[in-house]
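Enquirer: Here's a sequence, model it:
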Amino acid sequence: MEPQAWIYQQDKPTSGRKLLLLEEAELIFALPLIYRLINPEAVASKPDWFCGAELQTVLYTELVTQLNELVRLRKKAQRLDNELMKVNKMLNQYFTDLGWRMVRKELSQIKKRQKKSHIEVSRDIILRLKRYMESQKLDSFDQAIDNLLSEHDADNSQNHLQHSDDIVDNIISVEIRDQ
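Expert: Just a heads-up that it's a prediction; the model follows:
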């Protein structure tokens with residue numbers, strides 16, 4: 001499904017990236033954020049993020065119902081296209097342009113945090129990694145570790161091929177002796 005574009009309520013910006021509504025792949029990160037932000041207390045604390053107060057009470061219950069249905073279908077691994085379109089349309093009515101821009105910004109931060117991991121490594125391993133980085137002219141620990149893992153994978157596949165060759169040689173030797 002093609003990502004849905006945000007329909008601007010004010011003037012459409014002339015530069016920068018266009019705002020997008022939610023995509024199916026983002027739901028795991030986005031749904032907790034959306035539930036937290038549409039809460040009436042959150043709406044009261046950031047009124048410039050949300051459309052008119054008279055719409056809020058009506059839209060809130062409908063939006064929560066639609067979000068719950070989206071969650072239900074997602075748990076059952078069913079197609080979400082129609083429900084996601086409905087939720088996105090409602091989100092477009094619920095948030096202002098500024099509000100949705102802030103939602104996308106926060107969502108981007110959440111996704112970035114999910115991609116990073118922190119591993120504790122002893123000082124001597126760090127020193128060995130730094131020496132390796134210098135010898136291989138690598139700029140980061142990520143590159144060094146990726147390089148080492150690639151070398152490891154190549155060694156393993158080479159060992160696997162050698163092992164396979166040995167097995168084939170043994171089978172051929174056995175067949176020749178049996179004849």
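
Enquirer: wait, what's in contact with the residue positioned nearest the centre of the chain?
Expert: Most central in the chain under C-alpha atoms, centre = their mean is Lys111, positioned 5.2 Å from the mean C-alpha point. Lys111 makes contact with 26, 29, according to C-beta atoms under 8 Å, 6 or more residues apart in numbering. Placement of C-beta: from N, CA and C, glycine included.

Enquirer: where's it, which helix or strand?
Expert: Element membership for Lys111 (DSSP states H and E) is helix 97-115.

Enquirer: Name the residues of stretch 128-145 that are buried.
Expert: 129, 133, 138, 144-145 (16 or more other C-beta atoms under 10 Å).

Enquirer: per-residue confidence averaged over it?
Expert: For stretch 128-145, mean pLDDT rounds to 87.

Enquirer: Kindly export that stretch (C-alpha atoms) in CSV.
Expert: Taking Å, rounded to 0.1, in the frame of the first residue of the first chain, the C-alpha atoms of stretch 128-145 are listed here in CSV:
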residue,chain,number,x,y,z
ARG,A,128,42.0,-4.5,20.3
LEU,A,129,39.1,-3.2,18.2
LYS,A,130,40.8,0.2,17.9
ARG,A,131,44.0,-1.4,16.8
TYR,A,132,42.1,-3.4,14.2
MET,A,133,40.3,-0.2,13.0
GLU,A,134,43.7,1.5,12.6
SER,A,135,45.2,-1.4,10.7
GLN,A,136,42.2,-1.8,8.4
LYS,A,137,41.7,2.0,8.1
LEU,A,138,38.1,1.8,9.4
ASP,A,139,36.3,4.9,10.9
SER,A,140,33.8,3.3,13.4
PHE,A,141,33.2,0.4,15.7
ASP,A,142,30.3,-0.5,13.5
GLN,A,143,32.5,-0.9,10.4
ALA,A,144,35.1,-2.9,12.4
ILE,A,145,32.6,-5.3,13.8
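
Enquirer: circling back: report pLDDT for the residue nearest to the centre of the chain.
Expert: Lys111 carries a pLDDT score of 89 in this model.

Enquirer: which residues touch whichever helix or strand comes after the helix holding Lys111?
Expert: Remark: after helix 97-115, the chain's next helix or strand is helix 123-136, criterion DSSP H and E. Outside helix 123-136, the residues within contact range by C-beta under 8 Å, 6+ apart are 121, 138-141, 143-145, 147-148.
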